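J.: need a 3D model of the sequence below.
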Amino acid sequence: MIHRRPNAQLPAERKGSQIGLHCQNPVDTRHSLAFKKREGVLAKPGSGSKSRKPATIHVLNGPNLNLLGEREPEVYGTATLADVERACLDLCKSAGVTLEFHQTNSEGSLIDQIQAARHSNGIVINPAGYSYSVAVLDALLACSAPVVEVHISNVHARKESWRAETKTTAAAKGVISGLGTEGYLLALRYILGTGGALS
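T.: Numbering: from 1, shown residues only. From the prediction side, this is the model:
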């Protein structure tokens, strides 16, 4: 499990990668974050203090993503998971929300992390090899938090056709696939823009 809070910028994503963006409810990510920031709290514009509550977004990573940057860099790029975490932390800090960032190689641990995040303001998940797990799907379906699924590579363009048959996608509001590690930031911007608990 990874739970660090360093501070740096994400390296530029590699060129020439195939990309794909799939959302049930597409949003225009060009717009600035459409929520009101109040001392680490997400709140509807004009809402009273009674509706305010601490805002936390969870970024969850499945198996082998601890090797990001060295495992098949021609497919997944050279950015490390620590680079991804730093970029996510910077974005969340600028928005005034708390980031919980985890990685595990264990299916049971990933399910525990999903359950712990189920009532949060949002979940960004890269299930990796557990994208085909019914148990992980069931855990995601139990979440009231909005879920955005991220895949670094375009699973629909990979030579292994089975990679496109993800099960966990059924529990996600949207899927970002093939945009490299930038997909994590796009997913966070979507959740921040909709406010998670604001929707």
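J.: top helix in this protein by residue count?
T.: helix 81-95 (DSSP state H).
J.: who does the following helix or strand past it pair up with?
T.: Helices and strands here follow DSSP states H and E; after helix 81-95, the next one along the chain is strand 98-103. Strand 98-103 has the following sheet partners, assigned by DSSP bridges: strand 56-61 (parallel).
J.: give me the nearest residue to residue 178, chain neighbours excluded.
T.: residue 154 (2.8 Å; Cβ to Cβ, 6 or more residues apart in numbering). To be clear about C-beta, it is placed using only N, CA and C from the backbone, and glycine gets the same treatment.
J.: next, the buried residues of the longest helix of the chain.
T.: Judged by neighbour count using 16 or more other Cβ atoms under 10 Å, the buried positions of helix 81-95 are 81-92, 95.
J.: how about stretch 148-162?
T.: Across stretch 148-162, burial judged by 16+ other Cβ under 10 Å covers 148, 149, 150, 151, 152, 153, 154, 155, 156, 158.
J.: what does stretch 131-141 give?
T.: Neighbour counts over stretch 131-141 (16+ other Cβ under 10 Å) mark 131, 133, 136, 137, 139, 140 as buried.
J.: closest one of the residues you listed to residue 167?
T.: residue 137 (4.7 Å; Cβ to Cβ).
J.: the host helix or strand of that closest one - contacts with which helices or strands?
T.: Per DSSP H and E: residue 137 is located in helix 134-141. In terms of contacts (3 or more Cβ pairs under 8 Å, 6 or more residues apart in numbering; DSSP states H and E), helix 134-141 is packed against helix 107-117.
J.: averaged pLDDT, the helix it packs on. What do you get?
T.: Mean pLDDT, computed over helix 107-117, is 98.
J.: for the next helix-or-strand element following that helix, give the mean pLDDT please.
T.: Under the assignment DSSP H and E, the closest C-terminal helix or strand after helix 107-117 is strand 122-126. Computed over strand 122-126, the mean pLDDT rounds to 98.
J.: other SSEs contacting strand 122-126?
T.: Packed next to strand 122-126, using 3+ Cβ pairs under 8 Å, 6+ apart, are strand 56-61, helix 107-117, strand 147-151, helix 182-194.
J.: still on that earlier bit, the residue nearest to residue 178 reaches residue 180, doesn't it?
T.: No: if you go by Cβ atoms under 8 Å, residue 154 and residue 180 don't touch, sitting 9.8 Å apart.
J.: okay, the residue nearest to residue 178: pLDDT?
T.: Predicted confidence (pLDDT) for residue 154: 85.
J.: for it, helix, strand, or coil?
T.: At residue 154 the chain is in coil, as set by DSSP: H, G, I helix; E, B strand; the rest coil.
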